[in-house]
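In: got a structure for you, letters missing:
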């Protein structure tokens, strides 16, 4: 006689499906960003006519940065809709749009075929892609956080940065293999297209997984309250609900500013350490494409193991404390790290990168839980998405461009460290203004945030 699954087993099954569905879109998003960066020297040749290698590379990174211009707009659109319509429907829409635009990049003809139209179409698709991606990371983090029990929220939401690191790792592995096995001619004709074309089937798989999930228990609770309000007095209550929603957003603005400051280090260090490192090692340390991508690949393998450790550390010892260590480390260690990087060598570069990633994981593994705990349910998606994407625009997308420009302007190969020190200082300021959020229940409204004692609370049930 078969027995039905227990509620606890059902809860674990739901949570497992939430983690997989939430993380897959993040893998796809960062696989694309990393592929673009790791193949930047090839993409520069394909899409730009300049005979000056530095100008072509700057143009390639400029398109990378310009794609981020639409991210605050996308964050506002997706965040507002996600707080009104639900997390599930937005995450299903964004992964489809993101996968489609990424797939089309892989089909673009180069400059030799259609001239200046090639980089213009590349920019258009990059902006479409960024518009979709602006709702992805925040939505996945919110989705998981609202299912996760308070005691393990840091560890479980770290599946989102794990997904982004996995995307970078897959891209780095692919780039390493490509540079080691493909001729420059084949790489420039079809080889570079392969990572972008893979986005098609990955997006379909992610969409299928997400459509099989229910929305989060917290969001369904808010929906039920609003449904009951509308049933009592439809017109009056609907207007009051809209007014309350925007009042909630206004109350969350101070938290958004603090989150944006903390986000500056995450965005800046992420794209400088993980996107820009291969180019830096090729151009400044004179390493081969294959060797420079191997450095990042080894670093990312280690990074995948470090992320859950740091997330668990934040569950035990606090989000704020963990994030503070990361900010101080980048202020103190960035210049020595970049100086050692510039010397090159497979062993030295790999060791330095791993050390940097240990301290970066103390930010990257922790900020999804920290950000979600800073906002009420009615404004959580928007409260996370808007500063996350403004930070990505101001400090992330421009990081490779600024790194290249700083070296050119100062003739100092360690100059990108000044950028890392600056974002570390901004993050430190944001943290000093923030409260501890670990091991607290997520709340419905922004006015409740900050009033819940930061002590051990019972696990929230997964419905």
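Out: Thanks, I have it. As the structure is a computational prediction, the values presented were derived from the model and not from experiment.
In: right, and the helix or strand after the helix or strand containing residue 249?
Out: Here residue 249 sits within helix 234-251, counting by DSSP states H and E. Later in the chain than helix 234-251, the nearest helix or strand by DSSP H and E is helix 253-270.
In: okay, buried residues for that next one please.
Out: Neighbour-count burial for helix 253-270, counted by 16 or more other C-beta atoms under 10 Å, picks out 255-256, 258-270. For glycine as for every other residue, the C-beta is placed from the backbone atoms N, C-alpha and C.
In: and it, what does it pack onto?
Out: Judged by 3 or more C-beta pairs under 8 Å, 6 or more residues apart in numbering; DSSP states H and E, the packing partners of helix 253-270 are helix 319-343, helix 346-364, helix 367-373, helix 380-391, helix 399-410, helix 416-432.
In: select, out of these, the one closest to residue 99.
Out: helix 380-391 (18.9 Å; C-beta to C-beta).
In: the inter-axis angle of that closest one versus helix 253-270?
Out: 50 degrees (axes from the mean of the first three to the mean of the last three C-alpha atoms, to 10 degrees).
In: the inter-axis angle of helix 380-391 versus helix 416-432?
Out: Using the same axes, to 10 degrees: helix 380-391 against helix 416-432 is 150 degrees.
In: tell me the mean pLDDT over helix 380-391?
Out: For helix 380-391, the mean pLDDT works out to 88.
In: show me which positions of stretch 78-89 end up buried.
Out: For stretch 78-89, using 16+ other C-beta under 10 Å, the buried residues are 78-84, 86-88.
In: for stretch 109-129, what is the average pLDDT?
Out: pLDDT averaged over stretch 109-129 gives 86.
In: what's the spacing between that stretch and its chain's center?
Out: 24 Å (C-alpha atoms, centre = their mean, to the nearest Å).
In: with stretch 74-92 instead?
Out: That offset, for stretch 74-92, works out to 16 Å (C-alpha atoms, centre = their mean).
In: need the contact list for residue 168.
Out: Shown in contact with residue 168 (C-beta atoms under 8 Å, 6 or more residues apart in numbering): 30-31, 33-34, 274, 296, 300.
In: so what's it closest to, chain neighbours aside?
Out: residue 34 (4.2 Å; C-beta to C-beta, 6 or more residues apart in numbering).
In: ok, now residue 372?
Out: Leaving out its chain neighbours, the residue that sits closest to residue 372 by C-beta to C-beta, 6+ apart is residue 145, at 3.9 Å.
In: in contact with that neighbour, which residues?
Out: 153, 156-157, 368-369, 372-373, 380, 442.
In: please identify which of the residues you listed is nearest to residue 397.
Out: Nearest to residue 397 among these, with distances taken as C-beta to C-beta, is residue 368, at 19.6 Å.
In: I figured the closest one hits residue 141, correct?
Out: Yes: proximity of residue 368 to residue 141 meets the contact threshold set by C-beta atoms under 8 Å, at 3.9 Å.
In: residues shared between the contacts of these two?
Out: 157, 160.
In: and for the residue nearest to residue 249 when sequence neighbours are not counted, the neighbour number?
Out: Nearest residue to residue 249, sequence neighbours excluded (C-beta to C-beta, 6+ apart): residue 379, at 5.1 Å. Neighbour count of residue 379, defined by other C-beta atoms under 10 Å: 28.
In: I figured residue 379 hits residue 248, correct?
Out: Yes: using C-beta under 8 Å, residue 379 is in contact with residue 248, at 4.6 Å.
In: name the SS class of residue 79, please.
Out: helix (DSSP: H, G, I helix; E, B strand; the rest coil).
In: apart from its chain neighbours, what residue comes closest to it?
Out: residue 382 (3.2 Å).
In: my guess is that neighbour contacts residue 81. True?
Out: No: using C-beta under 8 Å, residue 382 is not in contact with residue 81; the gap is 9.1 Å.
In: ok, back up a step: could you tell me which of the contacts of residue 168 belong to helices?
Out: Using DSSP state H, the members of those that fall within helices are 30-31, 33-34, 296, 300.
In: most neighbours, which of these?
Out: residue 296 (30 neighbours).
In: residues touching that one, list them.
Out: Listed by C-beta under 8 Å, 6+ apart, the contact set of residue 296 reads 38, 168, 172, 274, 277-278, 353.
In: now do residue 35
Out: 171, 174-175, 195-196.
In: how close does it get to residue 158?
Out: 23 Å (C-beta to C-beta, to the nearest Å).
In: possible to save the ones in helices among the contacts of residue 168 as JSON lines with pLDDT and distance to residue 123?
Out: Formatted as JSON lines, the ones in helices among the contacts of residue 168 follow (pLDDT from 0 to 100; distance: C-beta to C-beta, whole Å):
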{"residue": "30", "pLDDT": "76", "distance to residue 123": "20"}
{"residue": "31", "pLDDT": "81", "distance to residue 123": "20"}
{"residue": "33", "pLDDT": "70", "distance to residue 123": "15"}
{"residue": "34", "pLDDT": "74", "distance to residue 123": "19"}
{"residue": "296", "pLDDT": "85", "distance to residue 123": "25"}
{"residue": "300", "pLDDT": "87", "distance to residue 123": "28"}
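In: in the stretch 301-450 of the chain, which segments are predicted with low confidence?
Out: Scanning the stretch 301-450 of the chain for pLDDT under 70 picks out 444-450.
In: phi, psi of the spatially most central residue of the chain?
Out: Against the mean C-alpha coordinate of the chain, by C-alpha atoms, centre = their mean, the closest residue is residue 137 at 5.4 Å. Per-residue torsions, residue 137: phi -60, psi -50 (degrees, to the nearest 10).
In: what of residue 365?
Out: phi -70, psi -20.
In: which residues touch it?
Out: Counted by C-beta under 8 Å, 6+ apart, residue 365 has contacts 154, 158, 161, 306-311, 314.
In: tell me the one among the residues you listed nearest to residue 329.
Out: Nearest member of the contacts of residue 365 to residue 329, counting by C-beta to C-beta, is residue 310, at 12.1 Å.
In: distance of the closest one relative to residue 415?
Out: 28 Å.
In: which of those two has more residues huddled nearby?
Out: More neighbours surround residue 310 than the other of residue 310 and residue 415, with 24 against 21 (other C-beta under 10 Å).
In: just to revisit the earlier point, may I ask which two of the contacts of residue 145 are separated the most?
Out: 156 and 380 (15.7 Å).
In: give me the more crowded residue out of the two.
Out: residue 380 (33 against 23).
In: how near is the residue nearest to residue 249 to residue 124?
Out: Counting by C-beta to C-beta, the gap from residue 379 to residue 124 is 32 Å.
In: cool, and residue 328?
Out: Counting by C-beta to C-beta - residue 328 and residue 124 are separated by 41 Å.
In: what's the burial count for the closest residue to residue 173 other than its chain neighbours?
Out: Leaving out its chain neighbours, the residue that sits closest to residue 173 by C-beta to C-beta, 6+ apart is residue 297, at 5.5 Å. Residue 297 has 22 neighbours, counted by other C-beta under 10 Å.
In: list the contacts for residue 297?
Out: 169, 172-173, 176 are the contacts of residue 297 under C-beta under 8 Å, 6+ apart.
In: who wins for neighbours among those?
Out: Of the contacts of residue 297, with other C-beta under 10 Å as the count, residue 172 tops at 28 neighbours.
In: great, nothing more from me.
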